[in-house]
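# got a structure for you, letters missing:
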DNA sequence: ATTTATATGTGAAATTATTCACAATATATC
DNA sequence: GATATATTGTGAATAATTTCACATATAAAT
């Protein structure tokens, strides 16, 4: 059995999104070709991805929509609520704090942290607490996931704090490339970089770019 | 000469970020190994990436920091301001509207659009206009780039409107995978998918995932 | 000026990811 | 029930990407 890589898991998420839409259209079963269209990949890729996880369908019968969704939910951790903390209640942080997509998807930001006292709101639905309290909070509540949305110069330090408290996975929006280590997975999302990418390829005119 | 792919351009952006930081530390020259560290790649990768663009350094002397930054700026479109429009003034849209990283990086959101009249602010620094006015605006101002931050069900339609008006590159935050076409580059950024990715690999424990 | 040490630039090799193609088999049809 | 048809599952083939490794050049040292 092959190990899935990052892009494979990303595709699984896309398949799941597609299945949810197809279920809403009363699809009882779904074919690799349908998912391929919805996720902009080939049907062979869909089946290969499924085979990594031992997901099987029926020859000529495709996949049972409900069954498939259940299996993807399990793989992607959708079988329970995922608690996560957010550090940096600035521009991006505030938007993430109230992003409805997270709640819809079983991801719950349980607390926010900042160094700026004017940001503190201890009694809110999602409390905003002093950064000094983060370590305790993580340990007391056994949090394993974090989002970093602080300025670049503070990101590395926040990461170290998170790791020392037991965080195992981080989504980083600070415009600096945080390095992942054996004990902590990192996903760097740099909004400027994403835009620079489309600027480049839009300028190039023809978009014959790879994956 | 090889064609650069998406990940190559993303790496170039990272190298650029690193160079800016190193310049602030008064580095006059920089080695592939330095950039590799900062961007979490290998030194050979850095040199291969540069060779695609004909960027050369000096054997045993590395790269002149200023010169290198200039070349990367040119490739990434930093030699001029990039004007871009934003559709969807919701949670994420508002954050992007005032994201300081864009301005710092020569990216200027020139107008926002929404279907909700309560969002309109015609006389603001960045005007928020009715969606019906987007087509004209794009053509009058010769805009080539757009950001989509609308709900999933509206994203495809907004994309079609953008394309018909002449947009050539789109950064999409709606949680649906928009398909790119020969005349328009698309970058899909799905926040939930990004998180699901770290949820999966953090749970897996060891993070021996590929690129 | 000569030597030495070190970093580049790049083909070749290795690795990783994707697509092809088809046997196996289940569904649908008659 | 038999037959035709469509879709899976997967090894093999291909393609893409990354790493290796070293000849080449150049900066620094003596």
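Received the coordinates, thanks. Keep in mind the model is a prediction, meaning the values are calculated, not measured.

# quick one: average confidence on stretch A:73-84?
For stretch A:73-84, mean pLDDT rounds to 97.

# Please tell me how far the most centrally placed residue in chain A sits from residue A:147.
Centroid-nearest residue in chain A, with Cα atoms, centre = their mean: residue A:171, separated by 7.4 Å. Counting by Cβ to Cβ, to the nearest Å, the gap between residue A:171 and residue A:147 amounts to 5 Å. Heads up, the C-betas are built off the backbone N, CA and C, glycines and all.

# any common contacting residues for those two?
residue B:195 (Cβ atoms under 8 Å, 6 or more residues apart in numbering or on different chains).

# picking that back up, check which helix or strand the residue nearest to the centre of chain A maps to.
strand A:169-172 (DSSP states H and E).

# How about residue A:37?
Residue A:37 belongs to helix A:32-39, assigned by DSSP H and E.

# The next helix or strand after that helix: how far from the chain's middle?
Note on helix A:32-39: by DSSP H and E, the next helix or strand toward the C-terminus is helix A:43-52. Centre-to-centre, helix A:43-52 and its host chain are 21 Å apart (Cα atoms, centre = their mean, to the nearest Å).

# got it, and stretch A:46-61?
23 Å.

# coming back round to it: tell me what the residue nearest to the centre of chain A is bridged to.
residue A:147, residue A:187 (DSSP bridges).

# So which other helices or strands are in contact with the longest strand along chain A?
Ordering each strand of chain A by length in residues (DSSP state E) puts strand A:107-114 first. Helices and strands touching strand A:107-114, by 3 or more Cβ pairs under 8 Å, 6 or more residues apart in numbering or on different chains; DSSP states H and E, are strand A:82-87, helix A:91-97, strand A:128-130, helix A:134-141, helix B:191-204.

# Is it possible to get a markdown table of those that adds mean neighbour count?
Formatted as a markdown table, the helices and strands packed on strand A:107-114 follow (neighbours: other Cβ atoms under 10 Å in any protein chain shown):
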| stretch | mean neighbour count |
| --- | --- |
| strand A:82-87 | 23 |
| helix A:91-97 | 21 |
| strand A:128-130 | 18 |
| helix A:134-141 | 15 |
| helix B:191-204 | 22 |
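
# Quick check: which of those is nearest to DNA strand C?
helix B:191-204 (13.0 Å; Cβ to the nearest atom of the strand).

# Could you tell me how far the closest one lies from the centre of the chain?
On Cα atoms, centre = their mean, the centre of helix B:191-204 falls 22 Å from the chain's centre.

# Packing partners of that helix?
Using 3+ Cβ pairs under 8 Å, 6+ apart: helix B:191-204 touches helix A:6-24, strand A:82-87, helix A:100-104, strand A:107-114, strand A:145-148, strand A:169-172, strand A:185-188.

# tell me the most buried of those?
For the helices and strands packed on helix B:191-204, the largest average neighbour count (mean count of other Cβ atoms under 10 Å in any protein chain shown) is found in strand A:145-148, namely a mean of 27.

# which other helices and strands contact it?
Secondary elements touching strand A:145-148 (3+ Cβ pairs under 8 Å, 6+ apart): strand A:82-87, helix A:152-165, strand A:169-172, helix B:191-204.

# circling back to that earlier point, what does the strand holding residue A:171 rub up against?
A:144-148, A:155, A:159, A:162, A:178, A:184-189, B:194-195, B:198-199, B:201-202.

# Determine how far it lies from the middle of the whole chain.
9 Å.

# repeat for stretch A:188-200
Distance, centroid of stretch A:188-200 to centroid of chain: 17 Å (Cα atoms, centre = their mean).

# do it and DNA strand D meet at all?
No. No part of stretch A:188-200 sits near DNA strand D under the criterion Cβ under 7 Å from any atom of the strand; the closest distance found is 13.3 Å.

# do you know how far residue A:13 is from residue B:80?
According to Cβ to Cβ, residue A:13 stands 36 Å off from residue B:80.

# Give the full set of residues in contact with the residue lying closest to residue A:107 once chain neighbours are set aside.
Leaving out its chain neighbours, the residue that sits closest to residue A:107 by Cβ to Cβ, 6 or more residues apart in numbering or on different chains is residue A:82, at 4.9 Å. For residue A:82, the contacting residues are A:106-108, A:145, B:195, B:199, by Cβ under 8 Å, 6+ apart.

# Now distance to DNA strand C too, for the helices and strands packed on strand A:107-114, in a markdown table please.
Formatted as a markdown table, the helices and strands packed on strand A:107-114 follow (distance: least, Cβ to the nearest atom of the strand, whole Å):
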| stretch | distance to DNA strand C |
| --- | --- |
| strand A:82-87 | 25 |
| helix A:91-97 | 28 |
| strand A:128-130 | 38 |
| helix A:134-141 | 31 |
| helix B:191-204 | 13 |
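
# and those as TSV, adding distance to residue A:54?
Putting these into TSV (distance: least, Cβ to Cβ, whole Å) gives the following:
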stretch	distance to residue A:54
strand A:82-87	23
helix A:91-97	34
strand A:128-130	42
helix A:134-141	33
helix B:191-204	16
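
# Lovely, talk soon.
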